[in-house]
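1. Predicted model and sequence below, questions to follow.
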Amino acid sequence: MSDNSFTGRSEATKADVSAIQVDDPILEMRDASVTFDMDRGESRVLDQVNLDVQRNEILGVVGESGSGKSMFASALLDAVVDPGTLSGDITYHPDPDRSVDVLDLSPEQLRELRWEEISMVFQGAQSSFNPTTTIRDHFEETIEAHNYDMAQGMAHARELLEDLYLEPDRVLDAYPHELSGGMQQRALIALSLVLEPNVLVMDEPTAALDLLMQRSILSLLNDLQEKYDLTVVFITHDLPLVAGLADRLAVMYAFEFAEVGPADEIIRNPTHPYTRSLLKAVPNLDTPLQEMQPIEGMAPDPVDVPEGCSYHPRCPLADDVCRASNPAYHAVDDSDDHVAACFHWEQASDVLSLTTDGETEHAEIVGKQSADPVVSLTDVDVHFEQEADGGLLSIFDDPDLVHAVDDVSLDVYENDVVALVGESGCGKTTLGKTSIAAQRPTGGSVTYREQDVWDAKDGVGDVETPFEAIRRSLQMVHQDPGGSLNPNRKVQASLEAPLKHWNTGMDAEDRKERVFSMLEYVGMSPPEDYAGRYPHQLSGGEQQRVALIRALLMNPDLILADEAVSALDVSLRVEVMDLMLELQDVFDTSYLFISHNLSNARYFAGNAGGRIGVMYLGEIVEIGPAEEIIANPKHPYTKVLKWSTADLEVDQDVEEPPISSIDIPDPVDPPSGCRFHTRCPEAREACARQQPSLDEHASDDEHRVACFREYDQSHEYWESEPIDDGESTDLFADGSDAAEIESDD
Amino acid sequence: MINSYYVQRTAQAIFTVFAVITITFVLIRQIPGGPTSYVRSQLAQQSGSVDMEQINTLVEAYTNVRPDEPLYVQYFNYITSVAQGDLGTSMYYSTPVSEIMAAAVPWTVFVMSVSLVLTFGIGISLGALTAYVEGSRFDVGLTLISIFLNSIPYYVLAIILVYALGYQLDWFPIGGLVGGDVTVGLNLGFIASAIYHAALPIASFVVTGFGIQALTMRGNSIRVLGEDYIRVARLRGIPPSEIALQYVGRNAILPMYTGMMISIGFMFGGSIIMEEIFAYPGVGYYMFRAISASDYPLMMGAFLIITIAVVLGIFVADLTYGKIDPRAGQGGNRESY
Ligand code: SF4
Ligand code: SF4
């Protein structure tokens, strides 16, 4: 239809489009722009984008938040939300000889195109489902709305759910909120494939999930793509995540593509300065700590994109040419399939060097922890009662007891950094809160400088340090800084409140001084300006800084940082972690850092010579010096976590996870023996009966592991039979109840 | 152990009713000009001589409590008789209070349930409609009317209606339950007459009540229309009518359910004034009469019934909400760990 109309025009805007064209395109996008009219002017959130999607490929689209990548996704289905307007050409080729002009369809034709031909998976599965109807209803109404055969459709739905390692009956009968985040996301993927579309567009489909779940879903996606001959467009902010999965990568910056090419090419030979910086900014397990650097500056405002090359304000190579004109795509090699929109692409590799070789020496970083613990946990248990929701008749049922933390001992020293890692629902948040006396343990004791915290609270025995003082010395920074700051109070007021309360000796002038100097210190200057703002007028990174200052103003001994950087963009994370470490030097605080991401934990704890503790179902299964845990993980679960932390290696294809069940078991009824045995690839029968302990066999005092494989050869583990695993039927045997542990940690 | 939520709610409900009974008991004994002095003055007027024994017997006949017994015995007697459904005897009508109430309750329930259904039916439909055409003239106009009507107190409208349509135009009766000429029973004439007599009270409730429901529904619907799942449903090709009912309607109405139950209690309270204005002998009418005649036993009986209705409404709302909205009972107590 529109085959020849666009060629001439796109040639005019971009000098060389050869590489963004492919030989057998299933989707062609030419000159596509999305604009919104705003009071401040026209906001252009997709800017004359040209790109083809190859039939049966997995295309990874990578960009920071606000780069226009979601708009690109919506545009492929002509599903841009009102009042945005989409212009340009989008052509869909159901087979090589037919073409459909997507923007020229009648409403009914468009309705058929969506989901039957091109389908979409959104970020945040929870909000994509109608909360008041079951998953089954969602499948049935979709099948019905498109007049497909119901029995066949539901049979296909079941098959898809099984392909995604879900139990069809259980999932279909559940309401969305009864499933864990990972299950919801997989159910949503199944729902998007139920009408057997050719193209699946996925917009950050795994962003809200644990790394392990993300990687597991990715490997399932790889299988699905092969099984059903899908074309997948995978949109993400996480370059390493998609690098192993995608055939081609397209890097987006400022509402257009900066670099497009085969995935291994982009990773091995990134050419656009932005791509190179992006790779450098991502904490990963192989790059030496000293080499990681944040990208300076901010992503551009869609109303006011810089003249010339939109990246020039942040680009270390920028010169007058870049400021004056917009670079065209240049082919990076002879094959023409790797292009970058940059004038100085040839120099980029010299200026921005990357060390991607695996073999790198890392300087030993020595922490300066004291010998005496600040906070000491001994045999701590935290069990919650969970109410049955079976209605009136369940009045007499026992409430379920959730084992959030079971028998954990941990010492945190002065100037210490301990990073706790584990999946959602492993109890790391609860353990964190228990350590800062925000959660009362149901067993064991928590002491602060030798004073039992809860005795102090209850006034039992001689109380040397009052509870109030303890609470003040133990502070917390949340994952969502916006939520923890009062939206109706200016930064100044939020920060002064604790000073007023605790430091009555200060007068108003002193307080102001103090707040200003702190703001200045964390790089928010001029402080007068920032102090007068409301939280919503700050960016995510700035909010997190304010939350950090608020905690630090109390001169705390320990700060609990609960996923404090997870909500930030990848390029900002390193920056905020650096700041936190810098502040540790100045204020002599310790950190308890909670994350589901092993790379973040390694960056944070590693840079302070701290420790990493790995938690699984309420227990610490391995703990030791950060670099030691990364370089030499011993517990099978730690190895799984390490696998899930995507390395920038494209050679290795997406492999099966080294784990025999994707979903975490129900903490209401944790498995017997070693709690990991239901998922452990090394599990033997002894593991189901006996529980390995963290200390008994400690050959090395620093690095301790709770696994029988670390016991000596005389242990009966070595004699017992392996537990049969790896069968797909086993994969959901234990995990399906994970629904109840859906949580926000 | 037992499921604490339901136990807690049930205990709370029972406690509230119990507290009300206790308060009524205390009031009977303590208020100056309470039944004892009322009976005493009646007797004094009749015979001139006041025999304490006679007073006590009479007071017991009316209120089930003998003033000369020890306090705990009185309290125990009162509770047991209330529990047996014996609410004492009306001084004004000289009939057992329970009989008066048994005759009155069905009429009040009739007026209220019709009002409730109409208030919510009209409110929800208009609210959904305005949400879909948000910002249009129809939306703005209807929203203004809703706010205006909602700001009129129901009794003011009731007085206007009874004055204009009852006294002046004589279109509607100004009192009574049914016309005198119909035979009681399930016949057309009786039902028509009952509706005819209840029309004005119902209208007063509905006209002043639907506005707030329409506004709530409008707000909820607009919020739901902005949810991701609506967008996803549209992309999935779900027909608009189904989206309107299954998605928008369902998710917008559910949060209003509790409010609906609670307004049952609210309307019972409102019936006191309403039924007086329309001379409609329901629970409220008798309550009002009892107050003006210092008829304590009747007053307490009516008060008790209204309280129980309120408590029951809230209790049922609490217990059933979990059944109706699959998300209830999960959100609040889900821990993060
Ligand atoms: S064109 Fe210039 S500013 Fe843009 S990325 Fe290349 S070197 Fe940097
Ligand atoms: S004890 Fe057994 S089941 Fe547990 S981690 Fe070690 S090998 Fe696996």
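-> Now that the structure is in, tell me what you want to look at. Ligands and ions are numbered 1, 2, ... in the order given.
2. what residues does chain A put near ligand 1?
-> A:Pro273, A:Cys309, A:Tyr311, A:His312, A:Cys315, A:Leu317, A:Ala318, A:Cys322, A:Pro327, A:Cys342, A:Phe343, A:His344 (CB under 6 Å from any ligand atom). All C-beta spots, glycine's among them, are computed from the backbone N, C-alpha and C.
3. among those residues, who's most crowded?
-> A:Pro273 (30 neighbours; other CB atoms under 10 Å in any protein chain shown).
4. A:Pro313 is in contact with that one, correct?
-> No: under the criterion of CB atoms under 8 Å, A:Pro273 is not in contact with A:Pro313, lying 12.0 Å apart.
5. out of the residues of chain A next to ligand 1, which are inside helices?
-> A:Pro273, A:Cys322 (DSSP state H).
6. Out of the residues of chain A next to ligand 1, which comes closest to A:Ser517?
-> A:Cys315 (33.1 Å; CB to CB).
7. Which ones among the residues of chain A next to ligand 1 lie within strands?
-> Assignment to strands by DSSP state E places none of the residues of chain A next to ligand 1 there.
8. Helix or strand with the lowest mean pLDDT in chain B?
-> helix B:35-47 (a mean of 68; mean pLDDT, DSSP states H and E).
9. Mind listing what's buried along the helix or strand just after it?
-> Sequence order places helix B:52-63 as the next helix or strand after helix B:35-47, per DSSP states H and E. Residues of helix B:52-63 classed as buried by neighbour count (16 or more other CB atoms under 10 Å in any protein chain shown): B:Ile55, B:Asn56, B:Leu58, B:Val59, B:Glu60, B:Tyr62, B:Thr63.
10. Next, format these as CSV and append pLDDT and distance to ligand 1.
-> Listed next are those as CSV, based on pLDDT from 0 to 100; distance: CB to the nearest ligand atom, whole Å:
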residue, pLDDT, distance to ligand 1
B:Ile55, 74, 102
B:Asn56, 76, 101
B:Leu58, 74, 101
B:Val59, 74, 97
B:Glu60, 74, 98
B:Tyr62, 74, 95
B:Thr63, 71, 92
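11. ok, the residues you listed vs chain A, which is closest?
-> B:Thr63 (36.8 Å; CB to the nearest CB).
12. so what's the closest one closest to, chain neighbours aside?
-> B:Gly88 (4.8 Å; CB to CB, 6 or more residues apart in numbering or on different chains).
13. Spit out the contact partners of that neighbour.
-> Counting by CB atoms under 8 Å, 6 or more residues apart in numbering or on different chains, B:Gly88 touches B:Tyr62, B:Thr63, B:Asn64, B:Ser81, B:Pro96, B:Val97, B:Pro297, B:Met300, B:Gly301.
14. where does the closest residue to the third one other than its chain neighbours sit relative to ligand 1, distance-wise?
-> If you skip the residues right next to it in sequence, B:Asn64 has B:Ser81 as its closest partner in space, 4.3 Å away by CB to CB, 6+ apart. The gap separating B:Ser81 from ligand 1 is 90 Å, by CB to the nearest ligand atom, to the nearest Å.
15. mind checking pLDDT for B:Ser81?
-> Looking at B:Ser81, its pLDDT reads 83.
16. what's the answer for B:Met287, then?
-> 87.
17. Packing partners of the helix or strand where the residue nearest to B:Asn64 lies?
-> B:Ser81 belongs to helix B:71-83 when elements are defined using DSSP H and E. Applying 3 or more CB pairs under 8 Å, 6 or more residues apart in numbering or on different chains; DSSP states H and E, we find helix B:71-83 packed against helix B:4-30.
18. between the helix it packs on and helix B:52-63, how big is the angle?
-> 150 degrees (axes from the mean of the first three to the mean of the last three CA atoms, to 10 degrees).
19. confidence score at A:Thr729?
-> For A:Thr729, pLDDT reads 38.
20. Same question for A:Arg158.
-> 94.
21. Count the residues that sit near it.
-> Residues contacting A:Arg158 under the criterion other CB under 10 Å number 18.
22. surely it meets A:Pro168?
-> Yes: the pair A:Arg158 / A:Pro168 is scored as a contact, 4.1 Å apart, by CB under 8 Å.
23. Can you give the contact residues for stretch B:144-158?
-> Contacts for stretch B:144-158 (CB under 8 Å, 6+ apart): B:126, B:200-201, B:203-205, B:207-212, B:214-215, B:270, B:273-274, B:277-278.
24. What residues sit buried inside that stretch?
-> So, applying 16+ other CB under 10 Å, buried residues of stretch B:144-158: B:Ser146, B:Leu149, B:Asn150, B:Tyr154, B:Tyr155, B:Leu157, B:Ala158.
25. between those, which is nearest A:Val574?
-> B:Ser146 (53.5 Å).
26. Spell out which helix or strand contains the closest residue to the closest one other than its chain neighbours, please.
-> Distances taken as CB to CB, 6+ apart place B:Gly211 nearest to B:Ser146, at 3.6 Å, with adjacent residues excluded. Assigned by DSSP H and E, B:Gly211 belongs to helix B:188-225.
27. Would you quantify the distance from the spatially most central residue of chain B to B:Val311?
-> Nearest to the geometric centre of chain B sits B:Phe268, at 2.0 Å (CA atoms, centre = their mean). Look at B:Phe268 and B:Val311: by CB to CB, to the nearest Å, they are 11 Å apart.
28. just B:Met300 next, same as before
-> Applying CB to CB, the value for B:Met300 to B:Val311 is 16 Å.
29. Looking at the two, which one has more neighbours?
-> B:Met300 (26 against 19).
30. where does the more buried one land on pLDDT?
-> At B:Met300, the pLDDT recorded in the model is 81.
31. three-state assignment of B:Leu165?
-> helix (DSSP: H, G, I helix; E, B strand; the rest coil).
32. thinking it is in contact with B:Phe172, fair?
-> Yes: counting by CB under 8 Å, B:Leu165 does reach B:Phe172; the two are 5.0 Å apart.
33. And A:Glu116, how far from B:Gly185?
-> With CB to CB as the criterion, A:Glu116 and B:Gly185 are 61 Å apart.
34. what's the burial count for whichever residue of the stretch 101-250 of chain B sits closest to ligand 2?
-> Ligand 2 sits closest to B:Asp228 of the stretch 101-250 of chain B, with a gap of 39.0 Å, by CB to the nearest ligand atom. Neighbourhood size, B:Asp228 [other CB under 10 Å]: 15.
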